[in-house]
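S.K.: Provide a 3D model corresponding to the input given below.
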Amino acid sequence: MPIDSSLQRTKRPKSEKPRLSIGFILAKRFTLCAFANFVDVLRLAADEGDRSRPILCKWTVLSDTMNPVLSSSGISVQPNERLGDPTRFDYIVVVGGLMDETPKLGPLYHKFLNQAADKGVPLIGVCTGAFLLHEAGLLEGYRCCVSWFHHLDFLEQFEGLDPVSDQIFVVDRDRLTCSGGASSAHLAAYLVDKHVGRSQASKSLHIMIIDEALQAEKPQPGQPIKLKTRDPIVQRALLLMQQNIDTPISVDDLSDRMGNSKRQIERHFRLALDTSPKAAYLEMRLDIARHLITTTQKSIAQIAMDCGFCDSSHFSRTFRRRFGATPKVLRQSAPLEA
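M.R.: Numbers count the residues shown, from 1 in each chain. The predicted structure follows:
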């Protein structure tokens with residue numbers, strides 16, 4: 001009896017091993033979105049269509065106790081396996097969560113992660129997972145990606161590290177980190193592309209209604225500002241400016257950090273925004289100052305410092321030239337916005 005051709009296409013040898021195997025460690029109050037985006041890319045790449053069989057990719061949630069893990073959204077995830085031998089995985093992923101509520105991982109997790117590192121298993125930090133990897137002593141000497149929102153928190157808590165917060169993810173040898181949210185889908189797609197195939201990575205993203213895979217260097221979305229552009233060089237420069245509002249950096253510093261020449265940055269700003277980097281930086285600082293004046297009860301002097309002005313008088317004069325009123329007059333005339 002002839003075999004149906006459709007069955008021939010889906011039948012696979014039982015002995016075929018997954019090309020990509022990943023173990024997840026979820027911190028208490030982990031970010032569900034970041035975890036789900038990562039897993040769904042693997043799920044959709046693992047099988048034909050949307051059948052979800054773990055054929056080409058395999059994933060599992062690991063635990064030291066097997067107790068359910070509560071996410072920041074209040075939804076719990078039940079682990080599948082105990083920690084065991086880390087070498088059964090191609091990667092170990094640590095998914096962090098809320099900055100103020102993420103507890104440290106326990107000693108068994110630290111032991112497991114250090115065993116993985118000693119045996120050459122690459123480690124991945126998703127969202128605030130980078131914080132947890134560093135607390136385990138596993139990010140020393142590595143570049144790591146953190147969300148722009150947690151950039152200052154990382155600097156305050158982890159002295160001596162230089163976090164990258166103007167990219168969606170960072171690959172530095174056997175440490176991979178991403179800022180969470182949608183960026184975890186792009187990091188997962190990077191792994192699928194590398195180990196399974198580009199077509200499977202593209203398929204996953206398309207089913208998830210993500211237009212295309214983004215490279216690691218793609219700038220993170222930052223705080224809302226009025227300066228809008230699709231130019232990636234200008235986007236990265238604006239993001240770095242945002243992260244250094246209180247201590248403004250020069251265009252030369254931007255050039256050094258970005259790896260682009262000063263002339264190239266200035267040319268891109270002129271083409272994209274019809275202004276100079278210096279003028280754009282000042283406009284950004286004043287816009288943020290105006291936002292703080294109308295939405296917070298911070299003193300004018302504190303806002304001046306927060307926005308990188310050397311003294312309140314200079315701040316007030318510059319603010320008046322831009323908005324036609326001093327910060328004090330604006331605050332008196334406009335009630336605090338919600």
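
S.K.: check the offset of stretch 138-149 from the chain's centre.
M.R.: What separates the centre of stretch 138-149 from the centre of its chain is 10 Å, taken as Cα atoms, centre = their mean, to the nearest Å.

S.K.: any idea how many residues pack against Gln167?
M.R.: 22 (other Cβ atoms under 10 Å). All C-beta spots, glycine's among them, are computed from the backbone N, C-alpha and C.

S.K.: a helix runs through it, doesn't it?
M.R.: No: secondary structure of Gln167 (DSSP: H, G, I helix; E, B strand; the rest coil): coil, not part of a helix.

S.K.: just the pLDDT for the residue nearest to Ala116 when sequence neighbours are not counted.
M.R.: Using Cβ to Cβ, 6 or more residues apart in numbering and skipping the chain neighbours, the partner closest in space to Ala116 is Pro86 (3.6 Å). According to the prediction, Pro86 has pLDDT 97.

S.K.: check the one 4 residues further on too.
M.R.: Looking at Asp90, its pLDDT reads 97.

S.K.: thought Ala201 was touching Ala45?
M.R.: Yes: the pair Ala201 and Ala45 passes the contact test of Cβ atoms under 8 Å, sitting 6.3 Å apart.

S.K.: any common contacting residues for those two?
M.R.: Common contacts of Ala201 and Ala45 (Cβ atoms under 8 Å, 6 or more residues apart in numbering): Val192.

S.K.: correct me, but Tyr281 touches Pro248?
M.R.: Yes: taking Cβ under 8 Å as the definition, Tyr281 is a contact partner of Pro248 at 6.2 Å.

S.K.: okay, the two: which has more neighbours?
M.R.: Tyr281 (26 against 16).

S.K.: tell me who's in contact with the nearest residue to that one once chain neighbours are set aside.
M.R.: In space, and not counting its chain neighbours, Tyr281 is closest to Met241: 5.1 Å by Cβ to Cβ, 6+ apart. Neighbouring residues of Met241 by Cβ under 8 Å, 6+ apart: 248-249, 254, 277, 280-281, 284.

S.K.: okay, now the domains of the protein?
M.R.: 16-207, 222-338 (automatic domain parsing).

S.K.: rounded mean pLDDT for the last one, please.
M.R.: The average pLDDT within domain 222-338 is 86.

S.K.: returning to what we had before: just the contacts of Met241 now: which is nearest Gly96?
M.R.: For the contacts of Met241, the minimum distance to Gly96 (Cβ to Cβ) is 28.1 Å, reached by Ile249.

S.K.: next, the closest one: secondary structure please.
M.R.: At Ile249 the chain is in coil, as set by three-state DSSP.

S.K.: gap between it and His291?
M.R.: For Ile249, the distance to His291 equals 21 Å [Cβ to Cβ, to the nearest Å].

S.K.: check Arg88 too.
M.R.: 50 Å.

S.K.: of these two, who's got more company?
M.R.: Ranked by neighbour count (other Cβ under 10 Å), Arg88 and His291 place His291 first, with 16 against 12.

S.K.: that's a helix at the more buried one, yeah?
M.R.: Yes: His291 sits within a helix when classified using three-state DSSP.

S.K.: between Ala201 and Ala45, which is the more surrounded one?
M.R.: Taking neighbours as other Cβ under 10 Å, Ala201 and Ala45 compare with Ala45 leading, 28 against 23.

S.K.: spit out the contact partners of the more buried one.
M.R.: 56-57, 192, 196, 200-201, 203-204 are the contacts of Ala45 under Cβ under 8 Å, 6+ apart.

S.K.: now, among the residues you listed, which is nearest to Val41?
M.R.: For the contacts of Ala45, the nearest to Val41 is Ser204 (4.4 Å; Cβ to Cβ).

S.K.: the closest one looks like it's in a strand, true?
M.R.: No: counting by three-state DSSP, one finds Ser204 to be helix, located in no strand.

S.K.: identify the residue spatially nearest to it, adjacent ones excluded.
M.R.: Ser204 sits nearest to Leu44 (Cβ to Cβ, 6+ apart), 3.9 Å away.

S.K.: kindly report the same for Ala185.
M.R.: Asn37 (4.0 Å).

S.K.: could you do Leu191 as well?
M.R.: Leu20 (6.2 Å).

S.K.: need the strands for this structure, in chain order.
M.R.: 20-26, 57-63, 69-70, 76-77, 81-82, 91-95, 123-126, 169-172, 175-178 (DSSP state E).

S.K.: for Phe269, find the nearest of the ones you listed.
M.R.: That would be, of the strands of the chain and by Cβ to Cβ, strand 169-172, which comes in at 25.1 Å.

S.K.: neighbouring strands - and their directions - for the closest one?
M.R.: Taking DSSP bridges as the criterion, strand 169-172 forms sheet pairs with strand 175-178 (antiparallel).

S.K.: convert the C-alpha atoms of the partner strand to PDB, please.
M.R.: Extracted in PDB, the C-alpha atoms of strand 175-178 (Å, rounded to 0.1, in the frame of the first residue of the first chain):
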ATOM      1  CA  ARG A 175      27.700  35.100  27.700                       C
ATOM      2  CA  LEU A 176      24.500  36.400  26.000                       C
ATOM      3  CA  THR A 177      22.300  39.100  27.500                       C
ATOM      4  CA  CYS A 178      19.200  41.000  26.400                       C
END
